[in-house]
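> mind folding the following:
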Amino acid sequence: MIKPTLVKGFQHFIHDSQIAFRQLLKAMSEPGTLVSVNSPDPIDHLNASTFAICQAMLDQQTPLWLSPYFHTTNIKHNLHFHTGVSIIDESQQALFALLCPDDLDSFADLSQHFSKGTNEYPETGCTLIVQVGSIKDDLSDEGNLRLTGPGIETAKFVSISDLPLALLDYLSNQTGERNASFPLGLDFIFVDQTHLVCLPRTTQVEVL
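Just a heads-up that it's a prediction; the model follows:
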């Protein structure tokens, strides 16, 4: 059996996690706003930025589901060591899920795989952390989105690479599922090597 390798987490956990958490709050309250987060080291192919999100958001009370791409010995060991998080096998029971775009391409209906919350507790809907190749706060060759809704004065434009058609259809409500279930729903955090952007369930998305 291969012994897992322990990597560095936040140098000053309380201070660094508070900084990262404030960045996440800004991004979630101002959808389409890019913010930066980082941690000293990556874990295998889990970016240091994605690891920073995990350290700021996860603890013993936030069950996490890992897609096959991130389901490695090193990632599981380090996430549990640094956060105490419980990694579970049933995606519907997760408060957070960690995925890459290729994983999402296999989900024809996201709401069948991840909890949207309940009428009594809509805030328990799953937050999907999706690691992508690049995020930009302007238009580019792919993944161009126009965002409106709470926290956005008029409209914001972002481009997020690698997003599969099934996810774009869900975000833009092509299936009708996203808007129909509100206030239940899924929240998204997209992260590349250095930046993240949040698309909460309240944000209206138009694919350009």
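
> contacts, neighbours, all on C-alpha from now
Noted.

> find the residue at the geometric middle of this structure.
In the chain, the residue lying closest to the centroid (CA atoms, centre = their mean) is I129, at 1.7 Å.

> which stretches of this protein form strands?
35-36, 64-66, 87-88, 96-99, 127-131, 135-136, 144-148, 156-160, 187-191, 195-199, 204-207 (DSSP state E).

> which one of these lies closest to K3?
Checking these against K3 by CA to CA gives strand 87-88 as the closest, at 18.5 Å.

> pairing partners for that closest one, with directions?
strand 64-66 (parallel) (DSSP bridges).

> which positions within the helix or strand bottoming out on mean pLDDT in the chain qualify as buried?
Here the helix or strand of the chain ranked lowest by mean pLDDT, DSSP states H and E is helix 177-180, holding a mean of 72. Across helix 177-180, burial judged by 16 or more other CA atoms under 10 Å covers E177, R178, N179.

> could the strands of the chain be laid out in JSON lines, adding mean pLDDT and distance to V7?
Formatted as JSON lines, the strands of the chain follow (pLDDT from 0 to 100; distance: least, CA to CA, whole Å):
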{"stretch": "strand 35-36", "mean pLDDT": "94", "distance to V7": "21"}
{"stretch": "strand 64-66", "mean pLDDT": "96", "distance to V7": "19"}
{"stretch": "strand 87-88", "mean pLDDT": "94", "distance to V7": "18"}
{"stretch": "strand 96-99", "mean pLDDT": "95", "distance to V7": "19"}
{"stretch": "strand 127-131", "mean pLDDT": "96", "distance to V7": "19"}
{"stretch": "strand 135-136", "mean pLDDT": "92", "distance to V7": "26"}
{"stretch": "strand 144-148", "mean pLDDT": "93", "distance to V7": "35"}
{"stretch": "strand 156-160", "mean pLDDT": "93", "distance to V7": "28"}
{"stretch": "strand 187-191", "mean pLDDT": "96", "distance to V7": "20"}
{"stretch": "strand 195-199", "mean pLDDT": "95", "distance to V7": "21"}
{"stretch": "strand 204-207", "mean pLDDT": "91", "distance to V7": "37"}
